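> all I have is the shape, not the residue letters:
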Ligand SMILES: [Zn+2]
């Protein structure tokens, strides 16, 4: 498909974790316990009913702790181990921690993580690791604010965007995995990658088209191990 890359940036979304069986927390009506997910994943929801928001994220965290990485995650880990994290930049929209569980040591989590809490007032205050249900009484040790899930909610700005754009601009191979190639941010980042002269690859069993140079029309648990093996064996 292409020569062995000099620098790879990988943007992953929900499709990367699909084969691991991460629950979506939406029933047939698209609701969680009768609430729209958008209604429990916003700053307004936190101010209105923090306990509901904590419960929603507690359930997701507990469920995600039970699922295991799939061969897509472990192939990316193998590539990053072999080539180093300067050459293989892993950016994910996922908050499930499965790339790290699969052995990736350096992951840019643009939407944060289920497994950290942060101050409700200031995200630069120290984050706190969390497993299982979060404490209802622990507070920020700098300002005493309540601790909220360190995830990016609807209406908030994704993390590390400058670093992500830089890594996308400067790579020579950009891969979008399991995220819609025509919707922000994958669409915007693939445009940046193209403008920077990179080869662009979409891995998606149901690609919708977005001007990528190559489309691997399979689940990432199948496509990524094959692609990465060709590079590592080269
Ligand atoms: Zn604080």
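Alright, I've got the coordinates. Model, not experiment: these values are computed from the prediction.
> residue ranges of each domain in this protein, please.
8-20+69-111+158-233, 23-66+113-151 (automatic domain parsing).
> ok, which stretches of this structure are helices?
Here the chain has its helices, by DSSP state H, at 14-18, 43-48, 50-64, 71-83, 98-101, 161-170, 186-195, 220-233.
> could those helices go into a markdown table alongside distance to the ion?
Heads up, the C-betas are built off the backbone N, CA and C, glycines and all. Output for the helices of the chain, formatted as a markdown table (distance: least, Cβ to the ion, whole Å):
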| stretch | distance to the ion |
| --- | --- |
| helix 14-18 | 31 |
| helix 43-48 | 14 |
| helix 50-64 | 15 |
| helix 71-83 | 33 |
| helix 98-101 | 25 |
| helix 161-170 | 23 |
| helix 186-195 | 31 |
| helix 220-233 | 37 |
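> columns mean pLDDT on top of these, output as CSV?
Output for the helices of the chain, formatted as CSV (pLDDT from 0 to 100):
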stretch, mean pLDDT
helix 14-18, 92
helix 43-48, 95
helix 50-64, 94
helix 71-83, 98
helix 98-101, 97
helix 161-170, 96
helix 186-195, 91
helix 220-233, 96
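> closest to residue 125 out of those?
helix 43-48 (15.8 Å; Cβ to Cβ).
> which parts of the closest one are buried?
45, 46 (16 or more other Cβ atoms under 10 Å).
> kindly check the end-to-end length of stretch 208-224 for me.
In stretch 208-224, first residue to last residue: 19 Å (Cα to Cα, to the nearest Å).
> most tightly surrounded among the domains of the chain?
Of all the domains of the chain, domain 8-20+69-111+158-233 has the most neighbours on average by mean count of other Cβ atoms under 10 Å, namely a mean of 20.
> wait, does the strand ranked longest in the chain contact the ion?
Ordering each strand of the chain by length in residues (DSSP state E) puts strand 112-119 first. Yes - judged by Cβ under 5 Å from the ion, strand 112-119 and the ion are in contact via residue 119.
> the inter-axis angle of that strand versus helix 50-64?
140 degrees (axes from the mean of the first three to the mean of the last three Cα atoms, to 10 degrees).
> sheet partners, orientation included, of strand 112-119?
The pairing partners recorded for strand 112-119 under DSSP bridges are strand 128-129 (antiparallel), strand 147-151 (antiparallel).
> distance from that strand to the middle of the chain?
Between the centre of strand 112-119 and the centre of its chain there are 13 Å (Cα atoms, centre = their mean, to the nearest Å).
> what's the average pLDDT for that strand?
For strand 112-119, mean pLDDT is 97.
> need the residues that contact that strand.
Identification of contacts with strand 112-119 by Cβ atoms under 8 Å, 6 or more residues apart in numbering yields 57, 60-61, 64, 95-97, 125-131, 134, 138, 140, 142-143, 145-152, 159.
> what's the neighbour count on residue 7?
Per other Cβ atoms under 10 Å, the neighbour tally for residue 7 reads 16.
> from the ion, how far off is the closest residue to it other than its chain neighbours?
Spatial nearest neighbour of residue 7, excluding adjacent residues (Cβ to Cβ, 6 or more residues apart in numbering): residue 171 at 4.5 Å. Residue 171 sits 35 Å away from the ion, going by Cβ to the ion, to the nearest Å.
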